[in-house]
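[1] No sequence on hand, only this structure:
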């Protein structure tokens, strides 16, 4: 069964608004979760690492003030896309490790964000 | 040159065929090797993973890693129409910290198994 629950699966929002995406680890308490992004006809790219109880770490080129990550509990990480623009339209997917501190990763079913 | 190269296909095979999917890579630091299956508009589903070199078999699926050649393969035996999906190879280093979570993906191979 699913080990990662992600919500919502689809969201359409207007330019300038903010959108929150939730990711829950169902199997175990994950101190670390990972947020990926997939543009059409491209593969997944890591955006940021979500750390429980501390600040997220962002990959080069990802704006930390635009993509706010909160990992307030061992089973929940949230990604908030602030002041969304059409170029932020993408498929956002969270993941948790199969075992603490090790690959492989299990992925959620993703959130398709469309900014109009 | 991309760190991970994967032929995007598309690949079309008849039901029952053996499918061979491959990836090459250039980063010798990669230690974890994974294969994911992704259906349209869904997240990737983990199929197989291997740490370092070797073979691994799970039902109809066999994963092979040849680190000397920097080449990994996934074989699907007795392919079924339900296997039709995009198959992604992924790799990560074992460089400490949270590096295990920084997966580098191939472009994905689109597979269609027709009845």
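    Yep, it's here. For clarity, every value in this text was computed on a predicted model and none was experimentally measured.
[2] Quick check: the gap between the closest residue in space to residue B:110 that isn't next to it in sequence and chain A.
    In this structure, residue B:110 finds its nearest non-sequential neighbour in residue B:10, 4.2 Å apart by CB to CB, 6 or more residues apart in numbering or on different chains. Any C-beta I mention is one placed from the backbone N, CA and C, and that applies to glycine too. Separation of residue B:10 from chain A (CB to the nearest CB, to the nearest Å) stands at 12 Å.
[3] Test my guess that residue B:10 contacts residue B:108.
    No: between residue B:10 and residue B:108 there is no contact under CB atoms under 8 Å: 10.4 Å.
[4] With neighbour numbers in mind, choose between these two.
    Between residue B:10 and residue B:108, counting by other CB atoms under 10 Å in any protein chain shown, residue B:108 is the more crowded of the two (25 against 10).
[5] Pretty sure that one sits against residue A:41.
    No: between residue B:108 and residue A:41 there is no contact under CB under 8 Å: 9.1 Å.
[6] ok so, going back, got the contact list for the residue nearest to residue B:110?
    B:109, B:110, B:111, B:112 (CB atoms under 8 Å, 6 or more residues apart in numbering or on different chains).
[7] Residue B:32 now?
    Residue B:32 makes contact with A:103, A:104, B:49, B:50, B:51, B:91, B:92, B:93, B:94, B:100, according to CB under 8 Å, 6+ apart.
[8] That one: helix or strand, and which one exactly?
    strand B:30-38 (DSSP states H and E).
[9] Would whichever helix or strand comes after that strand count as contacting chain A?
    Where DSSP H and E defines the elements, the next helix or strand beyond strand B:30-38 is strand B:45-51. Yes: Strand B:45-51 is in contact with chain A by CB under 8 Å from any CB of the partner chain, via B:45, B:46, B:49, B:51.
[10] Those residues, buried ones only, as a PyMOL selection?
    Buried members of these can be picked out in PyMOL with the line below, counting by 16 or more other CB atoms under 10 Å in any protein chain shown:
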select buried, chain B and resi 45+46+49
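[11] Of the residues of strand B:45-51 next to chain A, which pair is most distant in space?
    Comparing every pair within the residues of strand B:45-51 next to chain A by CB to CB identifies B:45 and B:51 as the most remote, at 19.5 Å.
[12] Please list all residues in contact with the residue lying closest to residue B:7 once chain neighbours are set aside.
    Leaving aside its chain neighbours, residue B:7 sits nearest to residue B:109 (6.0 Å; criterion: CB to CB, 6+ apart). Residues in contact with residue B:109 (CB under 8 Å, 6+ apart) are B:6, B:7, B:8, B:9, B:10, B:11, B:21, B:86, B:87.
[13] Assign a three-state SS to the last one, would you?
    So that's residue B:87. strand (DSSP: H, G, I helix; E, B strand; the rest coil).
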